[in-house]
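Peer 1: what's the 3D shape of this:
(chains A and B)
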There are 2 protein chains.
Amino acid sequence: MSAVLTSWNDTPAKAAIVDFVERTTTPGSPDFVDPVDRLAVFDNDGTLWTEQPMYNQGFFAFDRVRELAPDHPEWAETQPFKAVLENDMQTLAASGMQGLAQIVMSTHAGMSAEQFVEIVRDWIAQAKHPVRKRSYPATAYAPMLELIAYLQANGYRTYIVSGGGVEFMRAFVPDAYGIPVDQIIGSTIKTKFEEVDGEPQLVRLPELDFFDDGDGKPVAIGKFIGQRPVICVGNSDGDLPMLQYTAAGDGPRLMLLLHHDDAAREAAYDRAASIGTLDKALDEARERDWIVISMKRDFGAVFVD
Amino acid sequence: MSAVLTSWNDTPAKAAIVDFVERTTTPGSPDFVDPVDRLAVFDNDGTLWTEQPMYNQGFFAFDRVRELAPDHPEWAETQPFKAVLENDMQTLAASGMQGLAQIVMSTHAGMSAEQFVEIVRDWIAQAKHPVRKRSYPATAYAPMLELIAYLQANGYRTYIVSGGGVEFMRAFVPDAYGIPVDQIIGSTIKTKFEEVDGEPQLVRLPELDFFDDGDGKPVAIGKFIGQRPVICVGNSDGDLPMLQYTAAGDGPRLMLLLHHDDAAREAAYDRAASIGTLDKALDEARERDWIVISMKRDFGAVFVD
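Peer 2: Residues are numbered from 1 along each chain as shown, chains lettered A, B, ... in the order given. Below is the predicted model:
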């Protein structure tokens, strides 16, 4: 079975993953996990695809600002929109999560859910990541997608539990990751059911419904899945509560934390990062012997082809 | 294939269901629906199991009031709890949905999500429906459970989208209906992720998070599934928005509305009912040629054995 994890180096991290999957899926093993209980949850940004120097959804939102700007002349003089239009990344960074949220609300609402998915699909089909110079789905990590396929082949359901927008992810995740549309959990904005031009639609409102990060991740797992995961994979402090929630379950558990320590091939960041901060979760992982995956040591290849 | 729907009479309703499933699953048929798009949604109360003379979850809540009463001496003098303890169904009915919500919040919160599921499981294992004199899972309709199995055998995912509490349903739906735990959508109360006695838990709070009825049903479908259903099955005006939402999709659609017109075998109610009111949805179904299932005419057997 380990032959499928071809983008992983033959290190203890890979061996521990294979050992765990074999122990939990071999009938008669003391650690055997019933197929209905085989649940694995994955963070997305920084765990399945790159999040540096900015969340990929952030780049999408900036492109939306540029596209919608002709209809919003006021943006030329209003921050944080002005910063986007002037490519002033310093001012944009200073506007923080609040600035980003403002941009997201202004560019992700006002259309039907189905129209929004089409907009994301059109963007994904042609946009290029400014640093990686490749399509956004191609900023996904090959070893992680192989891990998803390996778990699925062993009867694990593989859910995404991400701070990213759920409808943004639905537009590319099924094709890019092989995860079905209804196994994607993310942040949501409110929608309203109403007739538009005689057609009953879900219309997206510029108002946050649920922010799926930190404590929100186990809460969302309870709400959407109703089952405690057996495997949890993350990369930042925002994933710590769902790692703790997973670890506290009865029976065998596997907690994986990806450490970005590979400046040459991707990026090296942890405690001081403004995006994907990894501080408390790194300490707790080391204390509790969760598996810390070193991108540099454990990933043979980094990105998918 | 129709041989599996043995509890249905051989009426036009059954023929229309079988015809629809065959048209949408036969390769080469002009109405063929791709397997990933085969989504069916079912209401629960009054559609999959009985809701008269009270929602089954209401009976559970009343039993909880009786069980918790020793710790709440104030309930002896406080409505609507007093009415429950005195079996005063008239006062209880007069307290309406607000009274029921008050009882639910007081009896369904304060424990972990996992503890709550255990409480429901213990109750379900021994409680009897006061009118039907059988276990609650045995108040499910045999023809509807056969329909679920028939759709699943034909590659349809079958979701519940109910006004009932999601964690209440999770305790019995997988075993009783053959629907997996993560294909159950319902009303939710808020939960908080916190350590209780050193164990990270989801603790249930006495506060409504989302009421999954009426317009909330298509909103929930958008939030949890992200796909427009092809088949929608309901029985009351609370299901009308999801029936409309389903009907407005492109391609073949099947809308089914169960009409309770069988006083001899179960109950006869529609426009004047205080629970499961069926008025506007009945008119719209007849106008738009949705299939109205008559319990009296179309159900061979009513309840599961």
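Peer 1: Helices of the stretch 151-300 of chain A, residue ranges please.
Peer 2: Counting by DSSP state H, counting those that start in this stretch, the stretch 151-300 of chain A has helices at residues A:166-170, A:173-177, A:216-224, A:240-247, A:280-287, A:295-298.
Peer 1: of those, which approaches B:Arg132 most closely?
Peer 2: Closest approach to B:Arg132 among those (CB to CB): helix A:216-224, 31.3 Å. The way it works is simple: take the backbone N, C-alpha and C, and place the C-beta from them, glycine included.
Peer 1: Kindly calculate the angle that that closest one makes with helix A:240-247.
Peer 2: For helix A:216-224 against helix A:240-247, the angle by axes from the mean of the first three to the mean of the last three CA atoms, to 10 degrees is 50 degrees.
Peer 1: Who are the packing partners of helix A:216-224?
Peer 2: strand A:157-165, strand A:184-196, helix A:240-247, strand B:184-196, strand B:199-210 (3 or more CB pairs under 8 Å, 6 or more residues apart in numbering or on different chains; DSSP states H and E).
Peer 1: Tabulate the ones you listed (a markdown table), appending mean neighbour count and distance to B:Ala13.
Peer 2: Formatted as a markdown table, those follow (neighbours: other CB atoms under 10 Å in any protein chain shown; distance: least, CB to CB, whole Å):
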| stretch | mean neighbour count | distance to B:Ala13 |
| --- | --- | --- |
| strand A:157-165 | 24 | 35 |
| strand A:184-196 | 19 | 28 |
| helix A:240-247 | 24 | 45 |
| strand B:184-196 | 19 | 26 |
| strand B:199-210 | 17 | 33 |
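Peer 1: Can you lay out those as a markdown table showing distance to A:Leu202 and mean pLDDT?
Peer 2: What follows is the helices and strands packed on helix A:216-224, written out as a markdown table (distance: least, CB to CB, whole Å; pLDDT from 0 to 100):
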| stretch | distance to A:Leu202 | mean pLDDT |
| --- | --- | --- |
| strand A:157-165 | 14 | 97 |
| strand A:184-196 | 4 | 95 |
| helix A:240-247 | 27 | 98 |
| strand B:184-196 | 14 | 95 |
| strand B:199-210 | 15 | 94 |
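Peer 1: Mind checking which residue lies nearest the centre of chain A?
Peer 2: By CA atoms, centre = their mean, chain A has its centre lying nearest to A:Asn44, at 1.4 Å.
Peer 1: Dihedrals phi and psi, that residue?
Peer 2: Main-chain dihedrals, A:Asn44, degrees, to the nearest 10: phi -110, psi -70.
Peer 1: Likewise for the one 5 residues further on?
Peer 2: For A:Trp49, the backbone dihedrals (degrees, to the nearest 10) come out as phi -150, psi 170.
Peer 1: Show me what it bridges to in the sheet.
Peer 2: Applying DSSP bridges to A:Trp49 yields these beta-bridge partners: A:Asp45, A:Ala140.
Peer 1: wait, it sits on A:Ser135?
Peer 2: No. Applying CB atoms under 8 Å as the test, A:Trp49 and A:Ser135 come out as separate, 10.8 Å apart.
Peer 1: Please identify which of those two sits among more neighbours.
Peer 2: The residue with more neighbours, out of A:Trp49 and A:Ser135, is A:Trp49; 26 against 17, by other CB atoms under 10 Å in any protein chain shown.
Peer 1: Would stretch A:107-116 count as contacting chain B?
Peer 2: Yes. Residues of stretch A:107-116 are located near chain B by CB under 8 Å from any CB of the partner chain, namely A:Ala113, A:Glu114.
Peer 1: Show me which residues of that stretch are buried.
Peer 2: Residues A:Thr107, A:His108, A:Ala109, A:Ser112, A:Ala113, A:Glu114, A:Phe116 are the ones in stretch A:107-116 that count as buried (16 or more other CB atoms under 10 Å in any protein chain shown).
Peer 1: shouldn't the second one be in contact with A:Phe116?
Peer 2: Right, the one you point to is A:His108. Yes. Counting by CB under 8 Å, A:His108 does reach A:Phe116; the two are 6.7 Å apart.
Peer 1: In this structure A:Pro180 contacts B:Pro35, no?
Peer 2: No. Counting by CB under 8 Å, A:Pro180 does not reach B:Pro35; the two are 10.9 Å apart.
Peer 1: Could you list the domains of chain A?
Peer 2: With domains defined by automatic domain parsing, chain A comprises A:2-54+A:137-298, A:56-126.
Peer 1: mean confidence for the shortest one?
Peer 2: To tie it back to what came earlier, the one meant is domain A:56-126. Averaging pLDDT along domain A:56-126 gives 94.
Peer 1: Quick one: closest of the helices and strands packed on helix A:216-224 to A:Thr11.
Peer 2: helix A:240-247 (20.7 Å).
Peer 1: Pull the closest one out as CSV, backbone CA atoms only.
Peer 2: Output of helix A:240-247 as CSV, limited to C-alpha atoms (Å, rounded to 0.1, in the frame of the first residue of the first chain):
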residue,chain,number,x,y,z
LEU,A,240,-5.0,23.1,17.1
PRO,A,241,-8.6,22.7,18.4
MET,A,242,-9.5,20.1,15.8
LEU,A,243,-6.2,18.3,16.5
GLN,A,244,-7.0,18.3,20.2
TYR,A,245,-10.6,17.2,19.6
THR,A,246,-9.3,14.3,17.4
ALA,A,247,-6.6,13.3,19.9
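Peer 1: quick check, that helix touching chain B?
Peer 2: Yes. Using CB under 8 Å from any CB, helix A:240-247 reaches chain B at A:Pro241, A:Gln244, A:Tyr245, A:Ala247.
Peer 1: Serialize those to JSON lines and add fields for distance to A:Ala263.
Peer 2: Shown next, in JSON lines, are those (distance: CB to CB, whole Å):
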{"residue": "A:Pro241", "distance to A:Ala263": "29"}
{"residue": "A:Gln244", "distance to A:Ala263": "29"}
{"residue": "A:Tyr245", "distance to A:Ala263": "32"}
{"residue": "A:Ala247", "distance to A:Ala263": "30"}
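Peer 1: For B:Tyr141, state which of those is nearest.
Peer 2: For those, the nearest to B:Tyr141 is A:Tyr245 (36.8 Å; CB to CB).
Peer 1: and the closest one, what does it touch?
Peer 2: A:Tyr245 is in contact with A:Lys217, A:Pro218, A:Ile221, A:Arg228, A:Pro229, A:Cys232, B:Phe193, B:Pro200, B:Leu202, counting by CB atoms under 8 Å, 6 or more residues apart in numbering or on different chains.
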